[in-house]
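> Sequence first, then the predicted structure:
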Amino acid sequence: MAVISTAPFVLKDCIIQIGTDSYETAISTARFVPSLNIVKAKGLTPASVYADTDNPEWEVTISFLQDWSTTNSLSQFLLANAGTSKVVIFKPQGITTGKPIITATVTIVPGDIGGDQGAFADASVTLPVTGQPVKTAAP
């Protein structure tokens, strides 16, 4: 049995592009989340127990600071493009050569408007992914 080493990293200096613009200055959380349906069946004998999974469905969860003053802010973009499909490109380790790039097509949903008194107005959205995310490496 091989012992596999681990190379953990701190999520910082990321790049996240939605459509044609980058929004990493407003985003504090970017997470691709799979959801799996586990299918089970059981026959009349102890050996006839079956389990499998369907293909995963994915969502991209994004938390961000609201900005209603900047023309092309993420808040403005999500509201203006609700219901449309856009490509998300996520580079969790910046533009370092050989590091992963995750690409997915999502459906845009609008984010929250407003928030709590005395605090930065933040929001979060969950963008459904069409198909599966694709992982490549930065050149």
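Cool, got the structure.
> Mind giving me the packing neighbours of the helix or strand containing residue 60?
Remark: residue 60 resides in strand 57-65, with elements defined by DSSP states H and E. Packing partners of strand 57-65 (3 or more Cβ pairs under 8 Å, 6 or more residues apart in numbering; DSSP states H and E): strand 27-35, strand 100-107, strand 122-137. The way it works is simple: take the backbone N, C-alpha and C, and place the C-beta from them, glycine included.
> Contacts for that strand next, please.
Strand 57-65 is contacted by residues 16, 23, 26-36, 74-75, 88, 90, 104, 106, 111, 120-129, 132-133 when judged by Cβ atoms under 8 Å, 6 or more residues apart in numbering.
> just the buried members of those?
16, 23, 26-27, 30, 32, 74-75, 88, 90, 104, 106, 111, 122-123, 125, 127, 129, 133 (16 or more other Cβ atoms under 10 Å).
> any idea how far residue 14 is from the residue nearest the centre of the chain?
The residue lying closest to the centre of the chain (Cα atoms, centre = their mean) is residue 60, at 2.6 Å. With distances taken as Cβ to Cβ, to the nearest Å, residue 60 is found 13 Å from residue 14.
> hmm, back to that, okay, the residue nearest to the centre of the chain: pLDDT?
At residue 60, the model reports a pLDDT of 98.
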